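Student: Got a sequence here, can you model it:
(chains A and B)
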Number of protein chains: 2
Amino acid sequence: MIILVDMDGVIADFETGLLNRFKETHPDKQYVPLEKRTNFYVDEDYPEEMRNLLREIYRGKGFYFSLPPVPGSLEVLTELQSQEEVFICTSPLSIYEHCVPEKYQWVDHYLGKSWVRRLILTKDKTVVRGDILIDDRPEVTGITSPSWEHVLYSQPYNQQVSSKRRLTWQDWREVLKC
Amino acid sequence: MIILVDMDGVIADFETGLLNRFKETHPDKQYVPLEKRTNFYVDEDYPEEMRNLLREIYRGKGFYFSLPPVPGSLEVLTELQSQEEVFICTSPLSIYEHCVPEKYQWVDHYLGKSWVRRLILTKDKTVVRGDILIDDRPEVTGITSPSWEHVLYSQPYNQQVSSKRRLTWQDWREVLKC
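Tutor: Residues are numbered from 1 along each chain as shown, chains lettered A, B, ... in the order given. Have a look, this model is predicted:
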């Protein structure tokens, strides 16, 4: 079985990292707590005039590398990999300057060189073969019909999706039956 | 039809870029002309004591971005894309620091943002779906049996392979029947 695992919001905690940096940088601004987030794109949960403040953070140097791991994710990846073929499959920002190299550095730092070899960067995940894609994005689309089943990594901002199986790194074993 | 196109030696002229840089940096050293190359990995065409000189160049800052396009490649990509789904599918160096971001910069510079969206970085190309993979590497292997036919991009160092169809950007039309 080939299992594709998304990075941001699944193994690298983009939302926590961004919120913490936002609170540090703009302590006077109102923020949206993680459990109140309803949109996949964080910008859309903030008023227009605040979106550039968020973009400055997540497009900036050092942001992607600074993301904390999603609790449990590193341990589960290691365990899953002992039984199945696991790849990290991630879509970088279009403003790729810092995001792209820092995704490599992050995987190298937290998981090591053997996982750097299992990192796939692609905007279109439908052209990657797999049995399962674990992804927090509500809909994952591309140029073709995917070979994988999209299993949602459950997050506050994807609770409206009812048509897909979902998991977290706490209940993955029951869902995947691994 | 999905066509995957490798980058180094197919659209970015790694071999010419490296040889030119080597001659500039080490004018006193003997070099192997491109037409005399017999190994896919350039290091293997040089004696042991010279390999570090080559590695210093291709692992260094600015090398990947400096590569000239393979003549004809950019025009053919644009034409192919008007008829088929084309992705650039490339395996970065394990020493990824400069190679990875510079591959993005190269594609952005020579082909533009729409092609940055069609760039796939992966060490294992067998997990990428396609009908054809155009690649100069004699054998392209990975964890699974690929969905694509490997069509060799013909280069001096892959002439020993007789089991595969081959093309260049001069004769691609007859081979692919596009």
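
Student: helix or strand for the residue located most distally from the centre of chain A, which one?
Tutor: What lies farthest from the middle of chain A is residue A:28; by CA atoms, centre = their mean that is 28.0 Å. If you go by DSSP states H and E, residue A:28 is not part of any helix or strand.

Student: For it, give its distance to residue A:53.
Tutor: 11 Å (CB to CB, to the nearest Å). Where you see a C-beta, it was placed from the backbone N, CA and C, and this is true even at glycine.

Student: Could you do residue A:63 as well?
Tutor: 13 Å.

Student: more neighbours, the two?
Tutor: More crowded of residue A:63 and residue A:53, by other CB atoms under 10 Å in any protein chain shown: residue A:63, with 18 against 13.

Student: okay but that one is in contact with residue A:21, surely?
Tutor: Yes - the pair residue A:63 / residue A:21 is scored as a contact, 6.9 Å apart, by CB atoms under 8 Å.

Student: intersection of neighbour lists for the two?
Tutor: residue A:57 (CB atoms under 8 Å, 6 or more residues apart in numbering or on different chains).

Student: Near chain B, which residues of chain A are found?
Tutor: A:2, A:85, A:87, A:94, A:96-97, A:100-101, A:104, A:113, A:116-124, A:127-130, A:143-144, A:147 (CB under 8 Å from any CB of the partner chain).

Student: Drop anything exposed from those residues.
Tutor: By neighbour count, with 16 or more other CB atoms under 10 Å in any protein chain shown, these hold A:2, A:85, A:87, A:96-97, A:100-101, A:104, A:116, A:118-124, A:127-130, A:147 as buried.

Student: And residue A:31, how close does it get to residue A:47?
Tutor: 12 Å.

Student: Check residue A:75 too.
Tutor: 38 Å.

Student: Give me the more crowded residue out of these two.
Tutor: residue A:75 (11 against 7).

Student: now the strands for chain A?
Tutor: A:2-5, A:85-90, A:119-121, A:132-135, A:149-153, A:166-167 (DSSP state E).

Student: Burial-wise, tell me which of those comes out on top.
Tutor: strand A:132-135 (a mean of 25; mean count of other CB atoms under 10 Å in any protein chain shown).

Student: what are the pairing partners of that strand, and which direction each?
Tutor: Partners of strand A:132-135 in the sheet, by DSSP bridges, are strand A:2-5 (parallel), strand A:149-153 (parallel).

Student: contacting residues around residue A:76?
Tutor: Residues in contact with residue A:76 (CB under 8 Å, 6+ apart) are A:169, A:172.
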